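Enquirer: Mind folding the following:
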Amino acid sequence: MLLSVLLLLLMVCGIQSTHYHGTMMTYYPKEIFSNGSVSVILHFKSNSQTCTVDLYSCTGNCGTESTIIINAKIESSASWCQTERITTRLLPNNSPFQLSYAGGTWFSNLNGIDSWRAVTSVELRERSDTMQINSSPQTNTFPVLRVPSNCYININLLAFDPDGDVVRCRYADLSLTECASPCTPPPVLALSSTCTLSFSGTSTSNEGWYAVQMVMEDFPRQSITLTHNNGSYIVKSTSEAISQIPIQFGFLVDPAVPSCTKGYYLPGFLSPTPGHGAQFYTHVDKALEINIRASAAHSVISELLYSGPSSVVKTSFGSGEFSLTWTPSAAYEEESHPICFAIQASYSSSVYQSELRCVVVTVKKKPKPIFLNALRMKISTTLSLKDNRDVIENLVCNQCCNYVV
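Expert: Sure, this is the predicted structure:
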(Lines give C-alpha, C1' and ligand atoms only; values in the text may rest on other atoms or scores of the structure.)
Protein backbone atom coordinates (compact mmCIF):
# COMPACT_ATOMS: atom_id res chain seq x y z
CA MET A 1 0.00 0.00 0.00
CA LEU A 2 2.79 2.42 0.96
CA LEU A 3 4.63 1.60 -2.28
CA SER A 4 1.49 2.41 -4.30
CA VAL A 5 1.13 5.77 -2.57
CA LEU A 6 4.79 6.61 -3.24
CA LEU A 7 4.43 5.68 -6.91
CA LEU A 8 1.33 7.87 -7.18
CA LEU A 9 3.15 10.80 -5.61
CA LEU A 10 6.05 10.35 -8.01
CA MET A 11 3.65 10.32 -10.96
CA VAL A 12 1.97 13.53 -9.76
CA CYS A 13 5.33 15.22 -9.21
CA GLY A 14 6.42 14.14 -12.70
CA ILE A 15 3.31 15.67 -14.23
CA GLN A 16 3.83 18.93 -12.33
CA SER A 17 7.49 19.13 -13.28
CA THR A 18 6.64 19.08 -17.00
CA HIS A 19 3.59 21.33 -16.72
CA TYR A 20 4.86 24.79 -17.65
CA HIS A 21 5.89 25.72 -21.22
CA GLY A 22 5.87 29.53 -21.00
CA THR A 23 3.57 32.54 -21.21
CA MET A 24 2.95 35.95 -22.80
CA MET A 25 0.96 38.96 -21.56
CA THR A 26 0.00 42.14 -23.42
CA TYR A 27 -2.40 45.01 -22.75
CA TYR A 28 -4.47 47.68 -24.50
CA PRO A 29 -6.09 50.75 -22.87
CA LYS A 30 -9.79 51.04 -23.67
CA GLU A 31 -11.66 53.98 -22.14
CA ILE A 32 -11.03 57.06 -20.00
CA PHE A 33 -14.11 58.13 -18.04
CA SER A 34 -15.09 61.61 -16.88
CA ASN A 35 -14.41 60.72 -13.22
CA GLY A 36 -10.78 59.82 -14.04
CA SER A 37 -11.26 56.06 -14.01
CA VAL A 38 -9.67 53.98 -16.77
CA SER A 39 -10.43 50.60 -18.33
CA VAL A 40 -7.70 48.37 -19.78
CA ILE A 41 -7.94 45.02 -21.57
CA LEU A 42 -5.41 42.28 -20.80
CA HIS A 43 -4.46 39.40 -23.11
CA PHE A 44 -2.84 36.46 -21.36
CA LYS A 45 -1.51 33.33 -23.08
CA SER A 46 -0.54 30.27 -21.07
CA ASN A 47 1.49 27.33 -22.39
CA SER A 48 1.33 24.00 -20.60
CA GLN A 49 1.36 20.28 -21.26
CA THR A 50 -2.30 19.64 -20.54
CA CYS A 51 -4.12 22.98 -21.13
CA THR A 52 -4.05 23.79 -17.42
CA VAL A 53 -4.03 27.48 -16.51
CA ASP A 54 -2.90 29.25 -13.35
CA LEU A 55 -3.92 32.77 -12.32
CA TYR A 56 -1.69 35.83 -12.21
CA SER A 57 -1.58 38.33 -9.33
CA CYS A 58 -1.77 42.13 -9.39
CA THR A 59 0.01 44.81 -7.36
CA GLY A 60 -0.53 48.56 -7.49
CA ASN A 61 -3.53 50.23 -9.09
CA CYS A 62 -5.45 46.98 -9.69
CA GLY A 63 -9.12 48.04 -9.62
CA THR A 64 -11.74 45.39 -10.39
CA GLU A 65 -11.36 42.62 -12.96
CA SER A 66 -13.96 41.10 -15.29
CA THR A 67 -13.42 38.13 -17.59
CA ILE A 68 -14.17 38.33 -21.31
CA ILE A 69 -12.74 34.98 -22.49
CA ILE A 70 -11.85 32.18 -20.08
CA ASN A 71 -8.99 29.86 -21.03
CA ALA A 72 -9.96 29.35 -24.67
CA LYS A 73 -7.78 26.77 -26.41
CA ILE A 74 -5.70 28.21 -29.26
CA GLU A 75 -3.51 25.35 -30.47
CA SER A 76 -2.11 22.07 -29.19
CA SER A 77 0.48 19.51 -30.21
CA ALA A 78 1.72 16.21 -28.84
CA SER A 79 3.59 17.79 -25.91
CA TRP A 80 1.95 21.20 -25.35
CA CYS A 81 -1.23 23.26 -25.34
CA GLN A 82 -1.70 27.03 -25.59
CA THR A 83 -4.75 28.80 -24.16
CA GLU A 84 -5.92 32.42 -24.12
CA ARG A 85 -7.53 34.37 -21.33
CA ILE A 86 -8.85 37.92 -21.86
CA THR A 87 -9.88 40.15 -18.97
CA THR A 88 -10.64 43.81 -18.47
CA ARG A 89 -9.82 45.91 -15.43
CA LEU A 90 -11.66 49.04 -14.34
CA LEU A 91 -9.21 51.24 -12.42
CA PRO A 92 -10.00 54.26 -10.23
CA ASN A 93 -7.24 56.34 -11.92
CA ASN A 94 -4.44 56.01 -14.45
CA SER A 95 -1.66 54.97 -12.08
CA PRO A 96 0.55 52.07 -13.27
CA PHE A 97 0.20 48.52 -11.98
CA GLN A 98 2.07 45.23 -12.30
CA LEU A 99 0.93 41.69 -13.10
CA SER A 100 2.97 38.66 -12.08
CA TYR A 101 2.57 35.00 -12.93
CA ALA A 102 4.56 32.61 -10.77
CA GLY A 103 4.64 28.96 -9.82
CA GLY A 104 6.48 25.72 -10.39
CA THR A 105 7.75 24.07 -12.35
CA TRP A 106 9.14 24.24 -15.89
CA PHE A 107 9.57 21.08 -17.96
CA SER A 108 12.95 19.41 -17.49
CA ASN A 109 15.58 21.53 -19.28
CA LEU A 110 19.34 21.73 -19.79
CA ASN A 111 19.75 25.29 -18.44
CA GLY A 112 18.42 24.23 -15.04
CA ILE A 113 15.29 26.41 -14.82
CA ASP A 114 12.85 25.13 -12.23
CA SER A 115 10.16 27.54 -10.96
CA TRP A 116 8.77 30.28 -13.17
CA ARG A 117 7.96 33.95 -12.76
CA ALA A 118 6.75 36.36 -15.46
CA VAL A 119 6.04 40.07 -15.01
CA THR A 120 4.03 42.64 -16.99
CA SER A 121 4.39 46.34 -16.14
CA VAL A 122 1.29 48.27 -17.24
CA GLU A 123 1.71 52.03 -17.86
CA LEU A 124 -1.56 53.99 -18.13
CA ARG A 125 -0.54 57.64 -17.79
CA GLU A 126 -1.12 59.94 -20.78
CA ARG A 127 1.76 60.28 -23.24
CA SER A 128 2.75 63.79 -24.32
CA ASP A 129 3.56 62.69 -27.90
CA THR A 130 0.28 60.93 -28.73
CA MET A 131 -2.00 62.42 -26.03
CA GLN A 132 -3.14 58.84 -25.47
CA ILE A 133 -2.50 56.11 -22.91
CA ASN A 134 0.42 53.83 -23.74
CA SER A 135 -0.16 50.41 -25.31
CA SER A 136 2.27 47.57 -24.68
CA PRO A 137 4.51 46.16 -27.39
CA GLN A 138 3.05 43.15 -29.21
CA THR A 139 4.61 39.79 -30.03
CA ASN A 140 3.71 36.13 -30.20
CA THR A 141 5.12 32.64 -30.52
CA PHE A 142 4.04 29.13 -29.66
CA PRO A 143 5.25 27.02 -26.73
CA VAL A 144 8.04 25.20 -28.58
CA LEU A 145 10.55 26.43 -31.18
CA ARG A 146 12.96 23.80 -32.48
CA VAL A 147 16.15 23.69 -34.60
CA PRO A 148 18.55 20.92 -35.72
CA SER A 149 21.84 20.94 -33.83
CA ASN A 150 24.02 21.40 -36.96
CA CYS A 151 22.26 24.44 -38.49
CA TYR A 152 22.86 28.18 -38.20
CA ILE A 153 19.41 29.70 -37.71
CA ASN A 154 18.14 33.16 -36.78
CA ILE A 155 14.72 33.31 -35.11
CA ASN A 156 13.23 36.75 -35.67
CA LEU A 157 10.60 37.37 -33.03
CA LEU A 158 7.91 39.86 -33.94
CA ALA A 159 8.55 43.24 -32.27
CA PHE A 160 5.59 45.51 -32.99
CA ASP A 161 4.41 48.55 -31.05
CA PRO A 162 1.02 50.23 -31.70
CA ASP A 163 2.41 53.61 -30.56
CA GLY A 164 5.41 53.45 -32.91
CA ASP A 165 7.93 53.08 -30.08
CA VAL A 166 11.31 51.38 -30.34
CA VAL A 167 10.96 47.77 -29.16
CA ARG A 168 13.87 46.01 -27.47
CA CYS A 169 14.35 42.54 -26.02
CA ARG A 170 16.59 41.14 -23.32
CA TYR A 171 16.74 38.11 -21.08
CA ALA A 172 14.80 38.29 -17.80
CA ASP A 173 16.82 39.65 -14.89
CA LEU A 174 16.72 37.87 -11.53
CA SER A 175 17.79 41.03 -9.66
CA LEU A 176 14.65 42.77 -11.00
CA THR A 177 12.46 39.81 -9.91
CA GLU A 178 11.51 39.16 -13.56
CA CYS A 179 12.15 35.43 -13.15
CA ALA A 180 12.61 32.87 -10.39
CA SER A 181 15.99 31.50 -9.31
CA PRO A 182 17.86 30.03 -11.11
CA CYS A 183 17.41 32.31 -14.13
CA THR A 184 20.15 31.13 -16.50
CA PRO A 185 19.61 31.93 -20.22
CA PRO A 186 20.07 29.08 -22.72
CA PRO A 187 23.84 28.93 -23.50
CA VAL A 188 23.10 27.84 -27.09
CA LEU A 189 21.16 31.03 -27.95
CA ALA A 190 22.32 34.63 -28.39
CA LEU A 191 19.65 37.32 -28.03
CA SER A 192 19.96 40.72 -29.72
CA SER A 193 18.23 43.88 -28.50
CA THR A 194 16.24 43.82 -31.77
CA CYS A 195 14.59 40.56 -30.64
CA THR A 196 16.50 38.09 -32.83
CA LEU A 197 17.57 34.78 -31.31
CA SER A 198 20.67 33.38 -33.02
CA PHE A 199 21.56 29.70 -32.94
CA SER A 200 25.01 28.89 -34.35
CA GLY A 201 24.95 25.12 -34.11
CA THR A 202 26.16 22.98 -31.23
CA SER A 203 27.47 19.53 -30.35
CA THR A 204 25.26 16.49 -29.85
CA SER A 205 25.87 16.73 -26.09
CA ASN A 206 23.84 19.96 -26.05
CA GLU A 207 20.83 18.51 -27.84
CA GLY A 208 17.64 18.69 -25.79
CA TRP A 209 15.27 21.15 -24.13
CA TYR A 210 15.93 24.70 -22.92
CA ALA A 211 13.69 27.22 -21.15
CA VAL A 212 13.69 30.73 -22.65
CA GLN A 213 12.72 33.64 -20.38
CA MET A 214 12.72 37.04 -22.07
CA VAL A 215 11.42 40.56 -21.54
CA MET A 216 10.16 42.90 -24.28
CA GLU A 217 10.04 46.66 -23.62
CA ASP A 218 8.97 49.80 -25.50
CA PHE A 219 11.13 52.95 -25.53
CA PRO A 220 10.04 56.41 -26.76
CA ARG A 221 11.73 57.78 -29.88
CA GLN A 222 12.18 61.10 -28.07
CA SER A 223 11.81 62.17 -24.46
CA ILE A 224 8.15 62.28 -23.40
CA THR A 225 6.15 63.04 -20.28
CA LEU A 226 3.65 60.66 -18.74
CA THR A 227 0.91 62.60 -16.96
CA HIS A 228 -1.30 61.31 -14.16
CA ASN A 229 -4.90 62.54 -14.07
CA ASN A 230 -4.10 64.29 -10.77
CA GLY A 231 -1.68 66.56 -12.66
CA SER A 232 1.60 64.95 -11.60
CA TYR A 233 3.98 63.69 -14.30
CA ILE A 234 7.28 61.96 -14.98
CA VAL A 235 9.71 62.22 -17.91
CA LYS A 236 10.80 59.17 -19.91
CA SER A 237 13.99 59.49 -21.97
CA THR A 238 14.84 57.35 -24.99
CA SER A 239 16.83 55.02 -22.73
CA GLU A 240 13.97 54.41 -20.26
CA ALA A 241 11.36 51.72 -20.88
CA ILE A 242 7.69 52.72 -20.77
CA SER A 243 6.17 49.27 -20.25
CA GLN A 244 7.26 45.65 -20.14
CA ILE A 245 5.85 42.27 -21.18
CA PRO A 246 7.21 38.72 -20.71
CA ILE A 247 7.98 36.19 -23.45
CA GLN A 248 8.64 32.66 -22.21
CA PHE A 249 8.71 29.43 -24.22
CA GLY A 250 10.52 26.16 -24.77
CA PHE A 251 13.44 25.74 -27.17
CA LEU A 252 14.37 22.29 -28.46
CA VAL A 253 17.69 21.41 -30.10
CA ASP A 254 17.03 18.35 -32.27
CA PRO A 255 19.57 15.89 -33.73
CA ALA A 256 21.43 16.99 -36.84
CA VAL A 257 19.63 17.18 -40.19
CA PRO A 258 21.22 15.94 -43.47
CA SER A 259 20.86 19.43 -45.02
CA CYS A 260 20.06 22.83 -43.49
CA THR A 261 18.81 24.22 -46.83
CA LYS A 262 15.22 25.42 -46.61
CA GLY A 263 12.86 23.32 -48.68
CA TYR A 264 14.93 20.11 -48.40
CA TYR A 265 14.22 18.66 -44.94
CA LEU A 266 13.32 21.92 -43.21
CA PRO A 267 10.06 23.21 -44.72
CA GLY A 268 10.41 26.34 -46.85
CA PHE A 269 7.62 28.85 -47.38
CA LEU A 270 6.24 29.51 -50.84
CA SER A 271 4.01 32.21 -52.33
CA PRO A 272 1.39 33.41 -51.36
CA THR A 273 2.62 33.06 -47.75
CA PRO A 274 2.93 36.58 -46.30
CA GLY A 275 6.35 37.79 -45.22
CA HIS A 276 7.40 38.16 -41.61
CA GLY A 277 5.99 41.39 -40.16
CA ALA A 278 3.35 41.90 -42.87
CA GLN A 279 0.38 44.03 -41.77
CA PHE A 280 -3.28 43.29 -42.48
CA TYR A 281 -6.37 45.37 -41.77
CA THR A 282 -9.92 44.22 -41.13
CA HIS A 283 -12.90 45.29 -39.05
CA VAL A 284 -15.19 43.71 -36.47
CA ASP A 285 -17.22 40.76 -37.86
CA LYS A 286 -15.30 40.72 -41.18
CA ALA A 287 -13.34 37.54 -41.93
CA LEU A 288 -9.66 37.81 -42.81
CA GLU A 289 -7.99 34.83 -44.52
CA ILE A 290 -4.22 34.29 -44.48
CA ASN A 291 -3.03 31.73 -47.04
CA ILE A 292 0.09 29.72 -46.21
CA ARG A 293 2.03 27.36 -48.47
CA ALA A 294 5.26 25.41 -47.94
CA SER A 295 7.24 22.54 -49.39
CA ALA A 296 9.91 20.07 -48.28
CA ALA A 297 11.55 17.83 -50.90
CA HIS A 298 12.85 15.12 -48.54
CA SER A 299 10.41 15.22 -45.62
CA VAL A 300 6.64 15.05 -45.25
CA ILE A 301 4.78 18.17 -44.15
CA SER A 302 2.55 17.17 -41.24
CA GLU A 303 0.99 20.28 -39.74
CA LEU A 304 0.75 24.04 -39.42
CA LEU A 305 1.48 25.39 -35.96
CA TYR A 306 0.13 28.83 -35.08
CA SER A 307 -0.49 31.21 -32.23
CA GLY A 308 -2.96 34.08 -32.28
CA PRO A 309 -6.43 34.97 -31.01
CA SER A 310 -8.38 31.90 -29.86
CA SER A 311 -11.07 32.45 -32.50
CA VAL A 312 -8.65 31.88 -35.41
CA VAL A 313 -9.68 28.87 -37.52
CA LYS A 314 -7.03 26.65 -39.14
CA THR A 315 -7.78 24.79 -42.39
CA SER A 316 -5.57 22.24 -44.16
CA PHE A 317 -5.93 21.67 -47.91
CA GLY A 318 -3.17 19.05 -48.21
CA SER A 319 0.13 19.24 -50.15
CA GLY A 320 1.53 21.84 -47.75
CA GLU A 321 -1.31 24.32 -48.21
CA PHE A 322 -3.11 25.87 -45.22
CA SER A 323 -5.15 28.89 -44.27
CA LEU A 324 -5.79 30.82 -41.08
CA THR A 325 -9.11 32.66 -40.93
CA TRP A 326 -10.03 35.18 -38.28
CA THR A 327 -13.33 37.00 -37.83
CA PRO A 328 -12.60 39.41 -34.94
CA SER A 329 -15.31 40.19 -32.43
CA ALA A 330 -15.93 43.54 -30.74
CA ALA A 331 -13.54 42.43 -27.95
CA TYR A 332 -10.62 43.08 -30.35
CA GLU A 333 -11.86 46.43 -31.71
CA GLU A 334 -9.21 49.13 -32.23
CA GLU A 335 -6.42 46.69 -31.40
CA SER A 336 -3.53 45.12 -33.34
CA HIS A 337 -2.85 41.42 -32.83
CA PRO A 338 0.02 39.21 -34.00
CA ILE A 339 -0.64 35.85 -35.63
CA CYS A 340 2.46 33.65 -35.81
CA PHE A 341 2.92 30.36 -37.62
CA ALA A 342 5.40 27.69 -38.67
CA ILE A 343 5.21 24.52 -40.73
CA GLN A 344 6.25 21.20 -39.21
CA ALA A 345 7.49 18.20 -41.21
CA SER A 346 8.76 14.70 -40.41
CA TYR A 347 11.36 12.34 -41.86
CA SER A 348 11.62 8.88 -40.31
CA SER A 349 11.54 9.63 -36.56
CA SER A 350 12.81 13.20 -36.93
CA VAL A 351 10.65 16.35 -36.75
CA TYR A 352 11.64 19.58 -38.49
CA GLN A 353 10.21 23.07 -38.14
CA SER A 354 10.25 25.92 -40.64
CA GLU A 355 11.22 29.47 -39.78
CA LEU A 356 8.82 31.40 -37.57
CA ARG A 357 6.71 33.98 -39.39
CA CYS A 358 4.34 36.51 -37.84
CA VAL A 359 1.86 39.02 -39.24
CA VAL A 360 0.03 41.87 -37.51
CA VAL A 361 -3.74 42.25 -37.90
CA THR A 362 -5.26 45.62 -37.00
CA VAL A 363 -8.98 45.55 -36.21
CA LYS A 364 -11.05 48.63 -36.97
CA LYS A 365 -14.57 49.47 -35.87
CA LYS A 366 -17.37 47.92 -37.85
CA PRO A 367 -18.35 50.51 -40.49
CA LYS A 368 -21.77 52.08 -40.14
CA PRO A 369 -24.22 51.15 -42.91
CA ILE A 370 -24.71 53.75 -45.66
CA PHE A 371 -28.26 54.32 -46.84
CA LEU A 372 -28.91 55.79 -50.29
CA ASN A 373 -32.32 57.20 -51.10
CA ALA A 374 -33.31 57.15 -54.77
CA LEU A 375 -35.87 59.53 -56.25
CA ARG A 376 -37.40 58.97 -59.65
CA MET A 377 -38.70 62.12 -61.37
CA LYS A 378 -40.07 63.15 -64.75
CA ILE A 379 -39.36 66.72 -65.80
CA SER A 380 -40.70 68.45 -68.92
CA THR A 381 -39.26 71.70 -70.27
CA THR A 382 -39.13 73.67 -73.49
CA LEU A 383 -35.70 75.01 -72.66
CA SER A 384 -32.68 73.83 -74.60
CA LEU A 385 -30.35 71.67 -72.45
CA LYS A 386 -27.37 72.90 -74.46
CA ASP A 387 -28.03 76.62 -73.84
CA ASN A 388 -29.79 76.50 -70.45
CA ARG A 389 -27.96 73.76 -68.51
CA ASP A 390 -27.50 75.84 -65.33
CA VAL A 391 -31.14 76.95 -65.28
CA ILE A 392 -32.40 73.39 -65.75
CA GLU A 393 -30.10 72.02 -62.98
CA ASN A 394 -31.37 74.69 -60.56
CA LEU A 395 -34.97 73.77 -61.39
CA VAL A 396 -34.24 70.09 -60.74
CA CYS A 397 -32.54 70.90 -57.42
CA ASN A 398 -35.45 73.04 -56.32
CA GLN A 399 -37.89 70.28 -57.24
CA CYS A 400 -35.83 67.71 -55.22
CA CYS A 401 -35.96 69.95 -52.16
CA ASN A 402 -39.75 69.67 -52.19
CA TYR A 403 -39.41 65.93 -51.52
CA VAL A 404 -37.06 66.28 -48.55
CA VAL A 405 -38.90 65.45 -45.32
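Enquirer: Let me know the pLDDT of Gln244.
Expert: At Gln244, the model reports a pLDDT of 97.
Enquirer: so which strand or helix has the spatially closest residue to Glu289 that is not a sequence neighbour?
Expert: Leaving aside its sequence neighbours, Glu289 sits nearest to Thr325 (CB to CB, 6 or more residues apart in numbering; 4.8 Å). From N, CA and C alone the C-beta is placed, and that goes for glycine too. Assigned by DSSP states H and E, Thr325 belongs to strand 321-326.
Enquirer: what comes up buried for that strand?
Expert: Neighbour-count burial for strand 321-326 flags 321-322, 324, 326 (criterion: 16 or more other CB atoms under 10 Å).
Enquirer: What strands flank it, and is each parallel or antiparallel?
Expert: Strand pairing for strand 321-326, using DSSP bridges, gives strand 288-295 (antiparallel), strand 313-318 (antiparallel).
Enquirer: helix or strand right after the first one?
Expert: Spelled out, it's strand 288-295. Per DSSP H and E, the first helix or strand lying C-terminal to strand 288-295 is strand 300-307.
Enquirer: Give me the contacts around that following strand.
Expert: The contact list for strand 300-307, computed with CB atoms under 8 Å, 6 or more residues apart in numbering, reads 45, 74-75, 77, 82, 140-142, 267, 292, 294-295, 312, 314, 316, 320, 322, 324, 339-347, 351, 353.
Enquirer: How about stretch 73-84?
Expert: So stretch 73-84 is contacted by 21, 43-51, 53, 69, 71-72, 142-144, 250, 303, 305-310, 312, 314 (CB under 8 Å, 6+ apart).
Enquirer: What remains of those if I keep only buried residues?
Expert: 21, 43-49, 53, 69, 142-144, 250, 303, 305-310, 312, 314.
Enquirer: check contacts around the closest residue to Thr362 other than its chain neighbours.
Expert: Among residues not flanking Thr362 along the chain, Ser336 sits closest, at 4.5 Å (CB to CB, 6+ apart). Ser336 sits next to 138, 160, 162, 360-363 when contact means CB under 8 Å, 6+ apart.
Enquirer: for the helix or strand hosting Leu90, the distance to its chain's centre please.
Expert: In this assignment (DSSP H and E), Leu90 forms part of strand 81-91. Relative to its chain's centre, strand 81-91 lies at 13 Å (CA atoms, centre = their mean, to the nearest Å).
Enquirer: And it, what's buried?
Expert: 81-89, 91.
Enquirer: And for stretch 221-235?
Expert: 224, 226-229.
Enquirer: I'd like to check the angle between the helix or strand where Arg117 lies and strand 81-91, please.
Expert: Taking DSSP H and E as the definition, one finds Arg117 inside strand 116-122. Going by axes from the mean of the first three to the mean of the last three CA atoms, to 10 degrees, strand 116-122 is angled at 40 degrees with respect to strand 81-91.
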